[in-house]
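Visitor: Make a model of this:
(3 chains)
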Amino acid sequence: MRVIGYELRKLLHWKKLLIVGAIWLIIYQLFMSFYFEYFPNGSAVYEFDAAVEMVADYGPKLDDEALKQFVAAFEARQLVFAEQIKDDVRFREAGVTTYDEYVHHDSQLDQPSELRDYAQHSGGGAFRDLLGELYAKRYILERMESHTVDADWVRSLSAAQQQALQRIIEEQQYRTILPQQVMYYFQMTHKYTTAAILIGVVVLTLPIHIGDRRRGMLQVQYTSRLGRRLYWRKLSAALIGTAAWTTLALGVLFALLAQHDISMFMQGTLNSAMMAGNYWLNLTLAQYMVLAVGCTYVLAFSICLLTVWLSRMTESYPALIGMLVPLLFIVLTVGFNALLDRLLSLYDPWWRSGVGYVLLSLGALALAIGRGRREQRLDIRA
Amino acid sequence: MLALRNVSKYYGDFCALKEINLELTHGVYGLLAPNGAGKTTLIKLLVTLLRPTTGEILYDGQPIAQLDERYRELVGYLPQQFGYYKHYNPRQYLMYIAALKGIGKTAAKGRIEELLQLVALEGAANKKMKTFSGGMIQRVGIAQAMLGDPQLLILDEPTAGLDPKERVRFRNLLSELARDRIVILSTHIVSDVESIAGEIIMIRDRRILYQETVEALCSKLEGQVYETLIDYEAAPQFRRDVLSLSEKQEQGMLRIRFLSTQRSDPSWQPVRPQLEDLFLDVFRDEETGGGQ
Amino acid sequence: MRIIGLEMAKALRSPLVAGLLVVFTALNLFVMYGQTYQREELQVLSSLVSRFGHDMNGEGYERLSDYYKSELAAFNTIAEAKLGRTYDSAAEFAGSNPQLIDPARPFTDDEVELTQRLLVTERYVQAVPELREQYADMDMWEIAKGMLDIMTKPTSDEVDRIVYANYDKLEQRVIALREQGEHLHLFFQGVVHKLHSFLYKHILGLMLYQMMLLSVLITAQIMNYETDRNTHPLMYATRRGRRLQRDKLAAALLSSLLAAVVLLAVNLTAYFRLFDYSELWQVPISTGLMREFRFTPYIAWWPFRFAEYLGAVIGLALVLQLIFAGLAAWLAHYVRNSYFVCCMFLLLLGAGWVVITVTPPGSLLIFAAYANPFQLLWVPHGWFMMKNVFSTYPSYELVTVGSWLVIVAALLGLARRHFIRRDLR
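Guide: Take a look at the predicted model:
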């Protein structure tokens, strides 16, 4: 146990922690800060506000009764709009008296009309916000009423995918409230946090074997009573260190996420009408977050094991780094795409992400453990 | 008791050691051979860094491969160039090694203080090892080898890089330590083992050549070692006829100590053969495979 | 000289360099193959160019236009025969017949080919007059204003002044460009094929990072070689002594360049084998057809031809490697562990990227912030062209690499002086 403690101290040396911290900061500043500073973003603000309202009024799920109420409320708002533009000269000239007429007003023209321009920009955006709200609510309404999918596209799907889609429609899985923005808010920041975690794991773990080997420590270490079992102690220290760093970074992520209140959407599900995609499992946002965190741990441990394995195999740092950088690159691009971005996505076979994770983690485990076993019998010449 | 039975070590086709048979009971054993003869390979086999290709190594009748950690517990090893962490001080380093050796924290602290005194490093105990001289590093190495109070102390070229004063100090230390243990001292500096070794093991051509006491070895050259004074000019010719063992300046002439199988000049003084003489004789034609 | 060669061998002989070159090439080839499905359509353009040349100012365009009309007529003859109607354009036909094959009266293979060729030709024929108009209306000042307006953090008057001055220069360039008709040359249509960004951002851009990794690793390996193997007490006490460090630096720079050149040569050859640009080497890079999004044309500061532009980009890429290798060598001087050298370099890279996000756009420092070599890595498809408001001026690339070459040289000079004096343990 003490030995694990010593190895952990070497692994989490303050110089390395500083570097890892700096890397995290850079990634935060370049990629993540945007999502925290501008949430919600752009036109999605109206959708978000509407969703907050809906959850407050109807709860996380929209049954038929609630939908009717929503429709009624929506129509009431349309009347408010009609009332507002009643006395406005420009609207009258254009012959627009209701919201629907406004929407159709431009549809015959080649470019956005002057009226639209006016509505968006004049009078401190008096109309703009109301229009934004109406557009958002109409969009939500359309998607809540029925879950339409392009028939051609459906035909191109596999049987399992079609069945899943059927289930989504039959069970009305889409009648929950989860704005895509909220999902992005979590997904994007989680993804970049995971990237920072993985890079940090590599930076912390890579000297684990190569460091001692280059110092000629092996001859003293392997002839002690603990001997070659030191390999397992080092492995344990690496995994513990990885767990600690991962937990810290995830903790920071959730602390940062908390600066915007999205707690009302925790019961919203992935197949919500307000979400852009379709998913195999209709998890709630809370459940998805747990899953995502689990995925991060699996990725972190896998990368840790692979780094430990490679660290034992090489003699020079440039060679080791030359192997780890392409590996990281593949994981952060292809890997993230398949394992995080499209996790549970209906557009991919259901087993794809799962198989990916299993292969990665089992492969890494096999390599690290296999190496450890061989270590017990190897000749140590240097 | 440490026994090697028919131990050979091959790296692919290359043979490093052939059919080694040895029995070691107690006291200091000197392992003498020139560099590259297989000394280090033998040592590494004894400390479990290498596994024999054939044969086995037994400690008290049991194979060390099976004994595993129980065997390593009894071994203290000082490698030829041992590794350390330069930003540690000796205390921290020895604490780490103590943990690897399974020595409890409190016991380790006490033992470390004893050992630091033994190797005369108490003054530098809190200085980082990167400030240490070669001799000081070596002394830390000896301390770590002694940490577990080993029954089997194996030292590979322990005095390389020590100055004469340190070498003397080391030799004295070793005589004390050798009382109830097996000490194997691998070296090519004959004077280090001559005075303290109980038996000398010489390796040549990848096999054990001799395993005998110093006296027995020296007596092999009885009557063949001489000294004489000659002119400097005569020296090159002289060296062609005999094996020169050592040469010294004396009163403007050369005092040469040499080996000759026949006495050919009355001015030659016969002297008592020393271990170094035998070493030079045995290994003089190592490359060409000649010699006695 | 021999010493430099021997030092170079230390890095280049290791399996690391060869291994990485192979891995990178494999990756790049994989990326390239992903786009090979476009080749058929690209072929159509190539054949048009070989018949009519690529200059669509005046006569060239007329001939293309005539050809198009005759092809359309030919198509309509077939359409009439097989479908009973004619079309005003191939696009109209394609719009109502997505499969291009009417099961009732199927087209023959030749006819299908003709139709496909017609579709492509039509796109180009329609694009040219559109471009003519767009470029005639192009107002650089408007563009600058637009970009400054949407900035989330406000700029200041002095910054704005400089930006407008730069865009003024750009306006002059656009006027010249228009006069020369540079914008009206045939090229693989950017909105459809996006080959400019594919070549320069995805392929070359990826290679920039690959070369950077090679440069840093090679440099770390060479500079730290002696200390790593504990041969430094020997090597630096020879007659050559500490001047060896200079040789190592030269070796590191040369090796980095060599590795970069090999990588570029192999991969670019593969690229141009896969994608046939043989008619297009003389096309001006500022042609409007290259643009990939309606409102962001590619406008180069100088009238580069495609081949010249490629040469300039390659040259700049190689100079960047010198800077990266130099920085790594500087780091290696103070940090003798290759692991930390790489970590420090990574932090430098990150700092070079982050600096623009923390520099207030109101201060003139924003221009300096953008003028660092790590920023160049983001936009290889915009080198020597109009891009971000703070990096659009003719000498941007030159100023950036020039000043950084000076900085790196100064840093290395300091390191060298330090090295000569200090203890070597």
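Visitor: For chain C, what lies in contact range of chain A?
Guide: Residues of chain C lying close to chain A by CB under 8 Å from any CB of the partner chain are C:14-16, C:19-20, C:23-24, C:27, C:213, C:217-218, C:220-221, C:228, C:337-340, C:342-343, C:346-347, C:350-351, C:353-354, C:357-358. No exception for glycine: its C-beta is placed from N, CA and C like everyone else's.
Visitor: Among those, which are located in helices?
Guide: Of the positions in the residues of chain C next to chain A, C:15-16, C:19-20, C:23-24, C:27, C:213, C:217-218, C:220-221, C:228, C:338-340, C:342-343, C:346-347, C:350-351, C:353-354, C:357-358 sit in helices, assigned by DSSP state H.
Visitor: By proximity to chain C, which residue of the stretch 251-382 of chain A wins?
Guide: residue A:317 (3.9 Å; CB to the nearest CB).
Visitor: what's residue B:155 sitting at in phi/psi?
Guide: Dihedral angles of residue B:155 (phi, psi; degrees, to the nearest 10) stand at phi -120, psi 120.
Visitor: so residue B:227, which of the three states?
Guide: strand (DSSP: H, G, I helix; E, B strand; the rest coil).
Visitor: Now for it, how many residues are close by?
Guide: 16 (other CB atoms under 10 Å in any protein chain shown).
Visitor: is it in a bridge, and if so with what?
Guide: residue B:257, residue B:269 (DSSP bridges).
Visitor: Any stretches of the stretch 251-400 of chain C with poor pLDDT?
Guide: By pLDDT under 70, the stretch 251-400 of chain C has no low-scoring segment.
Visitor: tell me the phi and psi of residue B:77?
Guide: Per degrees, to the nearest 10, the backbone of residue B:77 is at phi -130, psi 130.
Visitor: Can you give me the separation between it and residue B:187?
Guide: Residue B:77 sits 15 Å away from residue B:187, going by CB to CB, to the nearest Å.
Visitor: repeat for residue A:176
Guide: 80 Å.
Visitor: More neighbours: which of these two?
Guide: residue A:176 (25 against 20).
Visitor: Show the contacting residues for that one.
Guide: A:60-62, A:267-269, A:271-273 (CB atoms under 8 Å, 6 or more residues apart in numbering or on different chains).
Visitor: now swap in residue C:330 and tell me
Guide: Taking CB under 8 Å, 6+ apart as the test, what residue C:330 contacts is C:408, C:411-412, C:415.
Visitor: so where do the helices sit in the stretch 1-150 of chain C?
Guide: Taking DSSP state H, counting those that start in this stretch, the helices of the stretch 1-150 of chain C run over residues C:2-12, C:15-33, C:39-52, C:59-83, C:90-96, C:109-137, C:140-149.
Visitor: Show residues contacting the last one.
Guide: This points to helix C:140-149. C:155, C:160, C:163-164, C:166-168, C:170-171, C:174, C:388-389.
Visitor: Name the residues of it that are buried.
Guide: C:140, C:143-145, C:148 (16 or more other CB atoms under 10 Å in any protein chain shown).
Visitor: Then the third one?
Guide: Within helix C:39-52, the residues that count as buried by 16+ other CB under 10 Å are C:41-42, C:44-46, C:48-49, C:52.
Visitor: for these, which one is nearest residue B:14?
Guide: residue C:42 (59.4 Å; CB to CB).
Visitor: residue contacts, the closest residue in space to that closest one that isn't next to it in sequence?
Guide: Among residues not flanking residue C:42 along the chain, residue C:188 sits closest, at 5.6 Å (CB to CB, 6 or more residues apart in numbering or on different chains). Each residue near residue C:188 by CB under 8 Å, 6+ apart is listed here: C:42, C:45, C:195, C:280, C:289-290.
Visitor: repeat that with 10 Å
Guide: Contacts for residue C:188 (CB atoms under 10 Å, 6 or more residues apart in numbering or on different chains) come out as C:38, C:41-42, C:44-46, C:49, C:124, C:194-196, C:198, C:275, C:277, C:280, C:283, C:289-290.
Visitor: tell me the phi and psi of residue B:126?
Guide: Dihedral angles for residue B:126 - degrees, to the nearest 10 - are phi -110, psi 10.
Visitor: and the gap between the residue of the stretch 51-200 of chain C at minimum distance from chain B and chain A?
Guide: Of all residues in the stretch 51-200 of chain C, residue C:153 sits closest to chain B, at 44.0 Å by CB to the nearest CB. Here residue C:153 is placed at a distance of 11 Å from chain A (CB to the nearest CB, to the nearest Å).
Visitor: Secondary structure of that residue: a helix, I assume?
Guide: No: the assignment for residue C:153 (three-state DSSP) gives coil, which keeps it out of a helix.
Visitor: Among the contacts of residue C:330, find me the one that's closest to residue B:48.
Guide: Nearest to residue B:48 among the contacts of residue C:330 is residue C:415, at 45.2 Å by CB to CB.
Visitor: Show me which residues of the helix or strand containing residue B:8 are buried.
Guide: In this assignment (DSSP states H and E), residue B:8 forms part of strand B:2-11. Neighbour-count burial for strand B:2-11 flags B:2-5, B:7-9 (criterion: 16+ other CB under 10 Å).
Visitor: CSV please, covering these and showing distance to chain C.
Guide: Compiled in CSV, the buried residues of strand B:2-11 are given as follows (distance: CB to the nearest CB, whole Å):
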residue, distance to chain C
B:2, 33
B:3, 37
B:4, 33
B:5, 38
B:7, 32
B:8, 32
B:9, 26
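Visitor: Show the overlap between these and what lies near chain A.
Guide: Subset of those in contact with chain A: residue B:9, counting by CB under 10 Å from any CB of the partner chain.
Visitor: So which of the buried residues of strand B:2-11 is the closest to residue A:302?
Guide: Looking across those and measuring by CB to CB, the closest to residue A:302 is residue B:9, at 38.3 Å.
Visitor: Quick check, the residue in the stretch 1-150 of chain B closest to chain C?
Guide: For the stretch 1-150 of chain B, the residue closest to chain C is residue B:130, as judged by CB to the nearest CB, at 7.7 Å.
Visitor: What score does that residue have for pLDDT?
Guide: Listed pLDDT for residue B:130 reads 88.
Visitor: State whether residue B:251 and residue B:229 are indeed in contact, as I suppose.
Guide: Yes: between residue B:251 and residue B:229 a contact is recorded at 7.8 Å, counting by CB atoms under 10 Å.
Visitor: Looking at these two, which has the bigger crowd around it?
Guide: More crowded of residue B:251 and residue B:229, by other CB under 10 Å: residue B:229, with 15 against 7.
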